[in-house]
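# Sequence first, then the predicted structure, then my questions.
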Amino acid sequence: MSVRRSYTAVVERNVLWDRDFATEPYEAAWASEAIFFVRALEVSPEFSGIARVQISADGIHWVDEGTTFELPWEVNAVTFGRVRHFGGWLRIVGGVQSRREIRALVSLALKE
Amino acid sequence: MNVYQTDPRLNKFDPLERIIFYDDFDEGIRGWSELIGNYEHTLDSMLPEYSDMRPPMLSNLTMWDTGTAGSMEGDYALKVASRGREGSLATSIKRVTFRRRGQIQLECYFTFKPEASELRLSVNDVRAFGVLFDLQDGMNPEYRWMPHLRYLNAEGDQMINRWQMKSATRAFSKIGDSGETVSHFHLGPEHWEYVDAPVQTLAYNEIATKMNWHYLRINVDLAERRFLGFQCNDLIYDGDPLKYISIPAMPNLNCMLNTAFWVETNRDKRAFLYLDSVLLSGEF
């Protein structure tokens, strides 16, 4: 029996987002499905924010894939964005309203 | 004819008598993970240098101008990628233990490049890459010892193209409040010494989207705790003059045989180290 390969990369760990943000490019051409999980380690009161999934042909030039999801608004809350058919590179981008911040852990779960 | 001569994947290696691991990254990530520092209670307790050593990834070496190159043998290579911030360092590690304190030999095929985000030569945009072992004796251990080799490609605008070794690490720091956890950062810019050998210029090949694969072999003796030598492409380096970090044995690391690769960027631009395949062999 062969099983499908899978891999989870922690693409950001304990990162502080208090303005526009973008995660580091991650290569995943081998995978056919992906989920970005975002967990709040610390978060300001009344925080809200949106993340957008972006794709790229070269890891340098990026375009919105169309998937968006809310960022978590309380400690240890988790939100996610799910994508398929994304080509070679993945990242998430977004913005945080002024005087608010989140310290986040971002995991990218990939599966063949 | 032995299997090393008949298997085209192994034929390009010269392993010792038994293989501890052979990782062809067409098969997946194969145990290579991000290096992280020790912590207690909160990630904030980690030494800051260890907080962001970046997860490795499987790359098919796709370039914006020429598309996919694939790896040296197959489609995928392990890619270690720094951030696009001068001095950023990314490290990937594989952790095993040894069965016998004999000789071990690491071989790999690697290449390194800056991110192709500018249309210029970029030959000095990667500062360095390196490989290290983190080792500790088995029963009744006396020492933890850490042979490091670093290829200093460039520093500032100056090309260096020389191998370095390291014989000292930073002081240990207590982590958290339990008294059980300590940490030390051994990949800082201090304490590097040049290996007494001429410049070894590795083929860069003119633009950032062309990669040539290189061979590297490193031999150490676990029983005698010393380098036996190393080879990069056509140059062979003697082991006797090579220094390494040595510290008293630690409580829970017996028989540790960790191997790590890292890459450092010289600019506000990502630096990439790619490994086509890695083979660790030994006497056991």
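Structure received.
# drop to CA atoms for contacts and neighbour counts, all remaining ones
Noted.
# Tell me who's in contact with B:Val131.
Contacts for B:Val131 (CA atoms under 8 Å, 6 or more residues apart in numbering or on different chains) come out as B:His148, B:Leu149, B:Arg150, B:Thr259, B:Ala260, B:Phe261, B:Trp262.
# The residue in chain A that chain B sits nearest to: what's its closest spatial neighbour, skipping adjacent residues?
Chain A approaches chain B most closely through A:Asp58 (5.0 Å), counting by CA to the nearest CA. Nearest in space to A:Asp58, with sequence neighbours left out and distances taken as CA to CA, 6 or more residues apart in numbering or on different chains, is B:Trp64 at 5.0 Å.
# What count of nearby residues applies to that neighbour?
Applying other CA atoms under 10 Å in any protein chain shown, we find 16 residues neighbouring B:Trp64.
# Would you mind giving the secondary structure of the residue of chain A closest to chain B?
State at A:Asp58, reduced to three classes by DSSP: H, G, I helix; E, B strand; the rest coil: coil.
# isn't the residue nearest to A:Asp58 right up against A:Ala57?
Yes. Counting by CA atoms under 8 Å, A:Ala57 is a contact partner of B:Trp64 at 7.2 Å.
# how distant is stretch B:164-173 from the center of its chain?
Between the centre of stretch B:164-173 and the centre of its host chain there is 16 Å, according to CA atoms, centre = their mean, to the nearest Å.
# Need the CA coordinates for that stretch. CSV is fine.
The C-alpha trace of stretch B:164-173 is given here as CSV (Å, rounded to 0.1, in the frame of the first residue of the first chain):
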residue,chain,number,x,y,z
GLN,B,164,36.1,27.8,7.5
MET,B,165,35.9,25.8,10.7
LYS,B,166,34.9,26.7,14.2
SER,B,167,36.4,25.7,17.6
ALA,B,168,34.3,27.8,20.0
THR,B,169,30.7,28.4,20.7
ARG,B,170,29.0,31.1,22.7
ALA,B,171,28.4,30.7,26.4
PHE,B,172,25.4,28.6,27.5
SER,B,173,22.3,30.5,28.7
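# Pull out the buried residues from that stretch.
Within stretch B:164-173, the residues that qualify as buried are B:Gln164, B:Met165, B:Lys166, B:Ser167, B:Ala168, B:Thr169, counting by 16 or more other CA atoms under 10 Å in any protein chain shown.
# Now for residue 20, how many residues are close by?
Using chain A here. So A:Asp20, with other CA under 10 Å, has 10 neighbours.
# if you could check chain B rather than the one you did, that'd help
What B:Ile20 shows, counting by other CA under 10 Å, is a neighbour count of 20.
# Next, see if whichever strand or helix holds it gets close to chain A.
Taking DSSP states H and E as the definition, one finds B:Ile20 inside strand B:18-24. No. Strand B:18-24 lies out of reach of chain A by CA under 8 Å from any CA of the partner chain, never closer than 14.5 Å.
# Contact partners for the residue nearest to A:Asp58?
A:Ala57, A:Asp58, B:Ala116, B:Thr209.
# and if you look at B:Asp65?
B:Thr209.
# what does the model give it for pLDDT?
Per-residue confidence at B:Asp65 stands at 97 (pLDDT).
# Likewise for B:Thr201?
On the pLDDT scale, B:Thr201 gets 97.
# Please apply the same query to B:Met1.
At B:Met1, pLDDT is 66.
# now swap in B:Tyr4 and tell me
pLDDT at B:Tyr4 comes out at 75.
# Double-check that it belongs to a strand.
No. Under three-state DSSP, B:Tyr4 sits outside any strand and is assigned helix.
# what about the nearest residue to B:Lys94 once chain neighbours are set aside, how many residues close to it?
With CA to CA, 6+ apart as the criterion, B:Lys94 has its nearest non-adjacent residue at 4.8 Å, and that residue is B:Trp32. Neighbours of B:Trp32 under the rule other CA under 10 Å: 21.
# do B:Leu257 as well
For B:Leu257, using other CA under 10 Å, the count is 20.
# Is it within a helix or a strand, and which one?
Using DSSP H and E, B:Leu257 sits in strand B:256-265.
# Check which helices and strands whichever helix or strand comes after that strand sits against.
Later in the chain than strand B:256-265, the nearest helix or strand by DSSP H and E is strand B:271-282. The contact analysis (3 or more CA pairs under 8 Å, 6 or more residues apart in numbering or on different chains; DSSP states H and E) places strand B:271-282 against strand B:18-24, strand B:77-81, strand B:103-114, strand B:126-136, strand B:256-265.
# tell me the secondary structure for B:Asp44?
helix.
# confidence score at it?
pLDDT for B:Asp44: 93.
# before we move on, the earlier item: what's the angle between the strand holding B:Leu257 and strand B:77-81?
60 degrees (axes from the mean of the first three to the mean of the last three CA atoms, to 10 degrees).
# what's next to strand B:256-265, contact-wise?
Residues contacting strand B:256-265 (CA under 8 Å, 6+ apart): B:80-98, B:114, B:125-138, B:271-273.
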